[in-house]
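Engineer: Model the following, please.
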Amino acid sequence: MEVKIRQVVNEDLLRERQKCTFDKEELTNLLDGGSDKTQSRRELTEFFISDKSLKDDVPPEYLSHKEKYEEAVRKSCLILKKIKDWESQSNNGGSAELFQSILGGMLGSAMLSDGVPFALHHVMFIPAVLGQGTLKQQAYWVSRAWNVEIMCTYAQTELGHGTFIRGLETTAHYDPRTEEFILHSPTLTSYKWWPGGLGHTANYALVMAQLYTNGQCHGIHPFIVQLRDEDTHMPLPGIKIGEIGAKLGMNATNNGYLGFDHVRIPRDHMLMKHAQVLKVDGTYIKSLSDKLTYGTMIFVRVSLIKGVAVSNLAKAVTIATRYSAVRRQSEMKPGEREPQIIDYKTQQHKIFPNLATAIAMTITSNWLWNVYSDVTSQLEAGNLDSLPELHAMSCCLKALCTFEAARGIEECRKSCGGHGYMTCSKLPTVYGLVTAAETYEGENTVLYLQTARYLMKLWHQVKSGEKMPYTAKYLESGLPSKSIPWKNTLTNLVEGFNHVAAGLIQTASDSLDRLVASGKSPEHAWNESSLRLVQCAEAHSRAFLVMIFSDYVTNVKVSPPLKTILTRLCELFAVSNLLRNLGHFLMYSSTRASDVDGLLQWQESLLADIRPNAVSIVDSFDICDEILDSPLGSYDGNVYERLLEEANKSPLNAEPVNVSFYKYLKPFLKSNM
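Structural biologist: Numbering: from 1, shown residues only. The predicted structure is shown next:
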């Protein structure tokens, strides 16, 4: 059946937009960081999505695994050429941020919805060389990579080790006779596993390996290794390489495996900005700090929050909110017209807190990016003072934001009923992209424990009267008095989250001290207390999100109607998080059991306050249909026509009778068995 999609906006969606009480463009500009950035983003988006060669002839879900990869390579090559065209037209030089936004951000998903085989070339290889290479190495390798004379990846994770980088098994032994390093994979578990683009795309990799000189191991260091011939693309001698296979999502990323059989590389292929191996005798000159190598991983974690967690959660809530305004279901009152499902309080509770979370994470990711830029400048000047705080925050915020995004997307999928289960809704796709981020570039539990180690140090310091860094300033205030009554105010919410974080930090510290005092080793005490340690790190990051969001809405200069909307969203974000973690608030804040009903009523009133503006808020994310790519979430709301149009794209509908009928079904039906 052929269905023509109407060129008018669904009447329910149109009414929703007419209810808007604020200037949508003002919110869009705010989220973008200014009207000039909004304009630039829209121009860039139009430049790419208007190119018909980047559109899919067949939806990706109907392609084979091999076809998905080949199509992704075709598109990636076109995209890189178009980036160069854009730079020449706009008179801008090469911008790493531009590459990252297209290859790893929301715009890229419009053209490559299931992963980008070129992403690590720009997102990890080039930043790593800039951060860890000498000026001479930067000039050579960044030039070749930037001009795409070579295609590179970043090979760190192994079959047997991921987040625990110190446990990596790949070795690099220095041979002073030939002035070469010998890369080797001594065990099966030492094979590199997971790097994007490694399977069949990259011909070079930045490899993290254990450095050995003069028989002594000096820990993990970075080496640039050629994997494939630059002309034939055939693997070089000693290189064992391939693709790891299909995954839950990101199936065009070309994740690969890599093993080395005594592969020799020149001495100057070790990045030596921070540590060196002398040419003649292999003398090792240690870096001023082993923390200087954190830069690339921090950069990636900061990028993941905005480029993956925030953007995909924003997509999901846009789809779910628009669909909920169009979908009518059941009878709220017998005999009356079926209501929009967005009018059901349970539906609002599934979607609106996630809408608030998307905005909270946007604001916090902008803060984190600015801090990262400042700290990077300090590192270049030799100042490492702020690095531990940034590392701790990038760890716990990456863990929390990817978790909340994955949880929120799944809630949005379920809020769309059976239609949300369809691949064409794009909710399964965005879930696959985000849930992957919960484990790559640092598994979330391990990242929480890294933050917890930092918090344990701070707790002992604050007890000694030391000043706390900005992100943990609340520790100086101590725990609350239970005699102070709870009040339903934003200020009280911020204090409550701080008290919970401080209380959980103290509880974890007390557990460690008690176990050590009982005779346990510090290492065993840490493992025994790890559940409490994860809880305190998570609470620390939740408290920080609430604080940043609250400070932002308090101080931002916007129109009164928009300020009201932002305040309600901030309050809903905090209240819904409080109620999901109610036990901790009853234990550590001034909240009492008698306050819970009032908090529930506050949440219900906030849902009602946001309801008239919900569609307009997601419209302010300004995600065009080409990027959203969902029949459930299209701007015009013509859901059912678009769903049937998508169904007709199935190859099984290309002919009225499938060949399997003649080969199998008809003989079976006529067999009279």
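Engineer: make it CA atoms for all contacts and neighbour counts henceforth
Structural biologist: Fine.
Engineer: Show me the domain layout of this protein.
Structural biologist: Here the domain parsing of the chain from automatic domain parsing is 151-292, 295-330+339-467+486-619.
Engineer: Redo those domains as TSV? Include mean neighbour count, distance to Asp23 and mean pLDDT.
Structural biologist: Putting these into TSV (neighbours: other C-alpha atoms under 10 Å; distance: least, C-alpha to C-alpha, whole Å; pLDDT from 0 to 100) gives the following:
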stretch	mean neighbour count	distance to Asp23	mean pLDDT
domain 151-292	20	36	95
domain 295-330+339-467+486-619	20	7	95
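Engineer: what helix or strand does Ala209 sit in?
Structural biologist: Using DSSP states H and E, Ala209 sits within strand 204-213.
Engineer: centre of the chain versus that strand, how much separation?
Structural biologist: Centroid separation between strand 204-213 and its chain, computed with C-alpha atoms, centre = their mean, to the nearest Å, is 27 Å.
Engineer: returning to that earlier point: save the domains of the chain as TSV, and put in distance to Ala128 too.
Structural biologist: Formatted as TSV, the domains of the chain follow (distance: least, C-alpha to C-alpha, whole Å):
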stretch	distance to Ala128
domain 151-292	8
domain 295-330+339-467+486-619	5
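Engineer: Which of these sits closest to Asp32?
Structural biologist: Among the domains of the chain, the nearest to Asp32 by C-alpha to C-alpha is domain 295-330+339-467+486-619 (9.4 Å).
Engineer: Now do that closest one: distance from first to last residue.
Structural biologist: In domain 295-330+339-467+486-619, first residue to last residue: 36 Å (C-alpha to C-alpha, to the nearest Å).
Engineer: what separates it from the chain centre, distance-wise?
Structural biologist: On C-alpha atoms, centre = their mean, the centre of domain 295-330+339-467+486-619 falls 13 Å from that of its chain.
Engineer: quick one, strands of this structure?
Structural biologist: 152-155, 171-175, 180-184, 192-193, 204-213, 216-226, 239-243, 256-260, 263-266, 276-277, 284-285 (DSSP state E).
Engineer: residue contacts, Cys401?
Structural biologist: With contact set as C-alpha atoms under 8 Å, 6 or more residues apart in numbering, Cys401 has these partners: Ile305, Ala309, Val310, Met361.
Engineer: Also Ala502?
Structural biologist: By C-alpha under 8 Å, 6+ apart, the contact list for Ala502 reads Tyr474, Leu475, Gly478, Leu479, Cys536, His540.
Engineer: Rebuild the residues you listed as CSV, extending it with distance to Val516.
Structural biologist: CSV is the format used below for the contacts of Ala502 (distance: C-alpha to C-alpha, whole Å):
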residue, distance to Val516
Tyr474, 27
Leu475, 24
Gly478, 24
Leu479, 24
Cys536, 19
His540, 24
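Engineer: Tell me the one among these nearest to Ile83.
Structural biologist: Proximity of those to Ile83 (C-alpha to C-alpha) peaks at His540, which lies at 39.8 Å.
Engineer: I'd like to know which elements the strand holding Ala209 is packed against.
Structural biologist: If contacts are counted by 3 or more C-alpha pairs under 8 Å, 6 or more residues apart in numbering; DSSP states H and E, strand 204-213 sits against strand 152-155, strand 171-175, strand 216-226.
Engineer: circling back to that earlier point, can you tell me which of the contacts of Ala502 are in helices?
Structural biologist: Using DSSP state H, the subset of these located in helices is Cys536, His540.
Engineer: need the helices for the stretch 501-650 of the chain, in chain order.
Structural biologist: Applying DSSP state H, counting those that start in this stretch to the stretch 501-650 of the chain gives helices spanning 522-528, 530-555, 560-580, 582-588, 596-610, 614-619, 625-628, 639-647.
Engineer: Same list, the ones you listed, but as JSON lines with distance to Lys192 please.
Structural biologist: Formatted as JSON lines, the helices of the stretch 501-650 of the chain follow (distance: least, C-alpha to C-alpha, whole Å):
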{"stretch": "helix 522-528", "distance to Lys192": "28"}
{"stretch": "helix 530-555", "distance to Lys192": "28"}
{"stretch": "helix 560-580", "distance to Lys192": "39"}
{"stretch": "helix 582-588", "distance to Lys192": "41"}
{"stretch": "helix 596-610", "distance to Lys192": "48"}
{"stretch": "helix 614-619", "distance to Lys192": "41"}
{"stretch": "helix 625-628", "distance to Lys192": "33"}
{"stretch": "helix 639-647", "distance to Lys192": "39"}
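Engineer: Out of the ones you listed, the one nearest Glu25 is which?
Structural biologist: helix 614-619 (9.3 Å).
Engineer: before we move on, the earlier item: nearest to Glu16, of the contacts of Cys401?
Structural biologist: Using C-alpha to C-alpha, the contacts of Cys401 come closest to Glu16 at Val310, 24.3 Å.
Engineer: measure the closest one to Ile409 for me?
Structural biologist: For Val310, the distance to Ile409 - C-alpha to C-alpha - is 11 Å.
Engineer: Using TSV, lay out the helices and strands packed on strand 204-213 together with distance to Leu103.
Structural biologist: Output for the helices and strands packed on strand 204-213, formatted as TSV (distance: least, C-alpha to C-alpha, whole Å):
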stretch	distance to Leu103
strand 152-155	14
strand 171-175	31
strand 216-226	22
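Engineer: right, so of the ones you listed, which gets closest to Leu427?
Structural biologist: Smallest distance to Leu427 across the helices and strands packed on strand 204-213 (C-alpha to C-alpha): 28.5 Å, for strand 152-155.
Engineer: residues touching the closest residue to Asn492 other than its chain neighbours, list them.
Structural biologist: Distances taken as C-alpha to C-alpha, 6 or more residues apart in numbering put Trp486 closest to Asn492, at 7.3 Å, once the chain neighbours are dropped. For Trp486, the contact set (C-alpha under 8 Å, 6+ apart) comprises Asn492, Ser590, Thr591, Arg592, Asp595.
Engineer: Now distance to Ser377 too, for those residues, in TSV please.
Structural biologist: Formatted as TSV, the contacts of Trp486 follow (distance: C-alpha to C-alpha, whole Å):
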residue	distance to Ser377
Asn492	36
Ser590	41
Thr591	42
Arg592	46
Asp595	47
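Engineer: and which of those residues is nearest Ala525?
Structural biologist: Ala525 lies nearest to Ser590 out of the contacts of Trp486, by C-alpha to C-alpha, at 30.2 Å.
Engineer: In CSV: the strands of the chain, plus distance to Ser634.
Structural biologist: Formatted as CSV, the strands of the chain follow (distance: least, C-alpha to C-alpha, whole Å):
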stretch, distance to Ser634
strand 152-155, 36
strand 171-175, 52
strand 180-184, 51
strand 192-193, 38
strand 204-213, 40
strand 216-226, 45
strand 239-243, 35
strand 256-260, 35
strand 263-266, 52
strand 276-277, 55
strand 284-285, 58
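Engineer: Out of those strands, flag the one nearest Val300.
Structural biologist: Across those, Val300 has its closest neighbour in strand 152-155 (11.6 Å, C-alpha to C-alpha).
Engineer: May I have that closest one exported as PDB, CA atoms only?
Structural biologist: Listed next in PDB are the C-alpha coordinates belonging to strand 152-155 (Å, rounded to 0.1, in the frame of the first residue of the first chain):
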ATOM      1  CA  CYS A 152      44.900   5.900  12.000                       C
ATOM      2  CA  THR A 153      43.400   4.400  15.100                       C
ATOM      3  CA  TYR A 154      44.200   4.200  18.800                       C
ATOM      4  CA  ALA A 155      44.900   0.700  20.100                       C
END
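Engineer: Need the contact partners of it.
Structural biologist: For strand 152-155, contacts defined as C-alpha under 8 Å, 6+ apart pick out 118, 120-121, 124-125, 145, 192-198, 202-208.
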